[in-house]
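>>> no sequence on hand, only this structure:
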């Protein structure tokens, strides 16, 4: 087949990737964007198989496709929406590992067949192989650590153990030394391209680096970590594209790397934190403020009376909604307000609410909440002073007024201005502090009503009280 047809196939697949990525920028078009990305990948795979004549020996390819299909289908059916952050972390890790394995296969094949390139080609190929190994294996182990943190721990011999958040002061110099050592190994591999031990050493160091980079990072910074690991998986793919001279892999990897990095900086801006602080400084530290104040809890009937006749209610979802899996009860609550009182209901979405970018959007979309009711923080904040009530479900740091001050770990972080609503209702298990370790003054305001308990139970009780009011 003429080589121009292969190039056309790569161009078409790249076009699908670009348009699919554009559609992922809005919840309404995101499903279509995923479909475009899948079509682009299918075209790319078919083009590669035809170009390299791998269809002449299809058994291994068919086995790989079937294995991936079975695993992907099982995950799609099995995973709950609350488990999406962990699944995304795994996807990032496997993407990085796949790229690194291709790079390893290329260098191993070249050494075994004594077909090592020379001159400029050697420098380019072995540098790309080293960078792909560094980024790919670091992404894999870092993503596995992120998965364990998001999952809450791991099972060892039938006993559940939490994954530690551990970052002593001397760990940052170790990280810097490890990065320098990895770059040195890449340079040595270029000088001695036939020594596979250098590559194995680089792989081992990269795996360790991924662990020590993510281990000190707490749950509050997980949205930033997930988006950064997503970016790294794309960068690893782009490096691998240079190794095997595949244009669509370079394009797709660059798109994922660039978009993931942009999203990472958006997440950092939403938290008023620099990326270097996320990677090398803990969020809030290990010391947590002691809760010394008390607040008398309200009951669902009291809240139902307050909401009777409310003209405008803004719901502020947080990670507690994800943990209790009460998004369907929240949707029912909003429908009851509209049906019984004619209330205008909107949802205030903070960029870093939850444990991954867009976590709240995904959960509420599963509950069939209309996309036009999901309002980003900057757009909804001006409406909060006009709201009769702000209903906060499991959010803490993202609506803590102390962020407006110039002190503490939350200083300067943009928040949902829930405290400006006429009445504030907070559904939360207790008065405990959030991941930043800072007590929330919003809990103790006179206009705040606390519904203490599990999110799903409290929202179910509140819905029952509204129906009976």
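Noted; the coordinates are in hand. Quantities reported herein were computed from a predicted structural model and do not represent experimental measurements.

>>> could you pull out the helices for the stretch 201-350 of the chain?
Using DSSP state H, counting those that start in this stretch, the helices found in the stretch 201-350 of the chain span residues 222-244, 247-271, 275-280, 300-307, 319-324, 327-341.

>>> correction: the previous question concerned the stretch 51-200 of the chain.
Ranges of helices in the stretch 51-200 of the chain, per DSSP H, counting those that start in this stretch, are 59-78, 84-112, 119-151, 171-191, 196-214.

>>> below-threshold pLDDT in this protein: ranges please.
Regions of the chain meeting the criterion pLDDT under 70 cover residues 1-2, 53-57, 81-82, 153-163, 219-220, 282-292.

>>> can you tell me which of the helices of the stretch 51-200 of the chain is most buried?
helix 119-151 (a mean of 22; mean count of other CB atoms under 10 Å). To be clear about C-beta, it is placed using only N, CA and C from the backbone, and glycine gets the same treatment.

>>> now residue 336. Nearest residue, chain neighbours left out?
residue 466 (4.8 Å; CB to CB, 6 or more residues apart in numbering).

>>> my guess is that neighbour contacts residue 306. True?
No - the criterion here is CB atoms under 8 Å, and residue 466 misses it with residue 306 at 10.8 Å.

>>> of those two, who's got more company?
Set residue 466 next to residue 306 and count neighbours by other CB atoms under 10 Å: residue 466 wins out with 22 against 16.

>>> identify each buried residue in the helix or strand harbouring the more buried one, please.
Assigned by DSSP states H and E, residue 466 belongs to helix 455-468. The neighbour-count check on helix 455-468 (16 or more other CB atoms under 10 Å) flags 455-456, 458-463, 465-466 as buried.

>>> packing partners of that helix?
The helices and strands touching helix 455-468, judged by 3 or more CB pairs under 8 Å, 6 or more residues apart in numbering; DSSP states H and E, are helix 300-307, helix 319-324, helix 327-341, strand 424-428, strand 448-452.

>>> how does it look with 10 Å?
Contacts defined by 3 or more CB pairs under 10 Å, 6 or more residues apart in numbering; DSSP states H and E place helix 455-468 against helix 300-307, helix 319-324, helix 327-341, strand 389-393, strand 424-428, strand 448-452.

>>> of all these, which lies closest to residue 236?
Closest to residue 236 of these, according to CB to CB: helix 319-324, at 29.0 Å.

>>> tell me how far the closest one is from the chain's mean position?
Centroid separation for helix 319-324 versus its chain: 16 Å, with CA atoms, centre = their mean, to the nearest Å.

>>> what's the nearest residue to residue 206 if we skip its chain neighbours?
Closest residue in space to residue 206, ignoring its immediate chain neighbours: residue 137 at 3.9 Å, by CB to CB, 6+ apart.

>>> so the one you found touches residue 94, yeah?
No - using CB atoms under 10 Å, residue 137 makes no contact with residue 94, being 12.0 Å away.

>>> name the nearest residue to residue 84, ignoring sequence neighbours.
For residue 84, the spatially nearest residue (CB to CB, 6+ apart) is residue 362, at 5.8 Å.

>>> okay, now the domains of the protein?
When the chain is parsed with automatic domain parsing, its domains come out as 1-78, 84-280, 300-468.

>>> any chance of those in TSV, plus distance to residue 294?
What follows is the domains of the chain, written out as TSV (distance: least, CB to CB, whole Å):
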stretch	distance to residue 294
domain 1-78	40
domain 84-280	25
domain 300-468	8
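
>>> most remote residue from the middle of this protein, which is it?
Distance from the centre of the chain peaks at residue 114, with 42.3 Å (CA atoms, centre = their mean).
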